[in-house]
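Asks: How does the following fold in three dimensions:
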Amino acid sequence: MNHEAESEADQGGADYVRVVGALCAEFSEVHPRPTVVRCVNAARHGAIEVTGGATPDLVERIARKHLQVLALVATERG
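Replies: Numbering: from 1, shown residues only. Prediction:
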């Protein structure tokens, strides 16, 4: 487990921990927790860079799309 990435997700507070938990549950068959954490962190940073803010709902939607694309690529390579 990448504790640095995990603690970065925690820095966003309980809302981001909830986002990680929800996406881990949703993608448990496809992606390990560190991948989900990296996607949530990337989504949060991207949202802040583009919009100046990162609500948990926006971060969750962006991270979900990233995880869906990664899953699609993985099945195509399968």
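Asks: which strands and helices sit next to the longest helix along the chain?
Replies: Looking across the chain with DSSP state H, the single longest helix is helix 56-77. With contacts defined as 3 or more C-beta pairs under 8 Å, 6 or more residues apart in numbering; DSSP states H and E, the packing partners of helix 56-77 are helix 14-26, helix 33-51. Every residue, glycine included, has its C-beta placed from N, CA and C.
Asks: residues making contact with that helix?
Replies: The contact list for helix 56-77, computed with C-beta atoms under 8 Å, 6 or more residues apart in numbering, reads 12, 15-16, 18-19, 22-23, 26-27, 30-31, 35-36, 39-40, 42-44, 46-47, 51.
Asks: Could you pick out the buried ones from these?
Replies: Neighbour-count burial (16 or more other C-beta atoms under 10 Å) applied to the contacts of helix 56-77 gives 12, 16, 19, 22-23, 27, 31, 35-36, 39-40, 43-44, 46-47.
Asks: what's the residue closest to the geometric middle of this protein?
Replies: Nearest to the geometric centre of the chain sits Val40, at 2.4 Å (C-alpha atoms, centre = their mean).
Asks: Quick one: neighbours of the residue lying closest to that residue once chain neighbours are set aside, just the number.
Replies: Nearest residue to Val40, sequence neighbours excluded (C-beta to C-beta, 6 or more residues apart in numbering): Ala63, at 4.7 Å. Other residues lying near Ala63 total 27 when counted by other C-beta atoms under 10 Å.
Asks: Which pLDDT does the model give Ala63?
Replies: What the model reports as pLDDT for Ala63 is 98.
Asks: same check, this time on Met1
Replies: 46.
Asks: How about Gly52?
Replies: In this model, Gly52 carries a pLDDT of 97.
Asks: got it, and Glu26?
Replies: pLDDT at Glu26 comes out at 98.
Asks: Kindly report the same for Ala9.
Replies: Taking Ala9 on its own, its pLDDT is 58.
Asks: ditto for the one 5 residues further on
Replies: At Ala14, the predicted lDDT confidence score is 89.
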